[in-house]
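Student: Give me a model of this one.
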Amino acid sequence: MTCEVGLSRSVRAFHIMPGLPGPEGQLHDHDYRIEVVVDRAQLDDRGMVCDLDVLEEALTKLTSRVEGRNLEEIRPAEAEAVTVEVFARWVHDTLSPVVAAAGGETLAVRVWENPVAFGGYRARC
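Tutor: As a prediction, the model looks like this:
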């Protein structure tokens, strides 16, 4: 058995895919939708997976860091570009300490770059 809770937020940010023709090869924006799902095997003594208010505050803080910004600012040195997969990993790594402190065991992230395409990352907190 696994219990879960989640949230989503939208954010507009810019990125570039080096070596590709335009528009992907030029700086362009996406209206990303970030979905986060926290799970744990058993509910805590309050009947929660983790406090949604804590998760919402952390996700709001995270999206404010990238809103209207170039995602190159969060690109890891080993990545050629900030793909949706790289973006999802960054979201996970940024939120994971907060989620763990709030009682979550696993954090799954999906970053949607349009209504039908996403990249994701899931790991223990």
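
Student: Show me the residue at the heart of the protein, geometrically.
Tutor: residue 91 (3.5 Å; CA atoms, centre = their mean).

Student: Surely that one and residue 62 touch.
Tutor: Yes: assessed by CB atoms under 8 Å, residue 91 is found in contact with residue 62 at 6.5 Å. Bear in mind the C-beta positions are built from the backbone N, C-alpha and C, glycine included.

Student: which residues do these two both contact?
Tutor: residue 34 (CB atoms under 8 Å, 6 or more residues apart in numbering).

Student: Give the full set of residues in contact with the closest residue to residue 107 other than its chain neighbours.
Tutor: Distances taken as CB to CB, 6 or more residues apart in numbering place residue 99 nearest to residue 107, at 4.9 Å, with adjacent residues excluded. Contacts here follow CB under 8 Å, 6+ apart; on that basis residue 99 touches 38, 50, 55, 58, 107, 125.

Student: Please state the backbone phi and psi of residue 99?
Tutor: phi -60, psi -40 (degrees, to the nearest 10).

Student: one step back: ok, and the most crowded of the contacts of residue 99?
Tutor: residue 38 (28 neighbours; other CB atoms under 10 Å).

Student: Quick check: it is in a helix.
Tutor: No: Residue 38: not assigned to a helix; according to DSSP: H, G, I helix; E, B strand; the rest coil it is strand.

Student: What separation do you get for it and residue 109?
Tutor: 10 Å (CB to CB, to the nearest Å).

Student: Residue 120 now?
Tutor: 6 Å.

Student: With neighbour numbers in mind, choose between those two.
Tutor: residue 109 (25 against 17).

Student: Okay, helices next: where are they in the chain?
Tutor: 52-66, 84-101 (DSSP state H).
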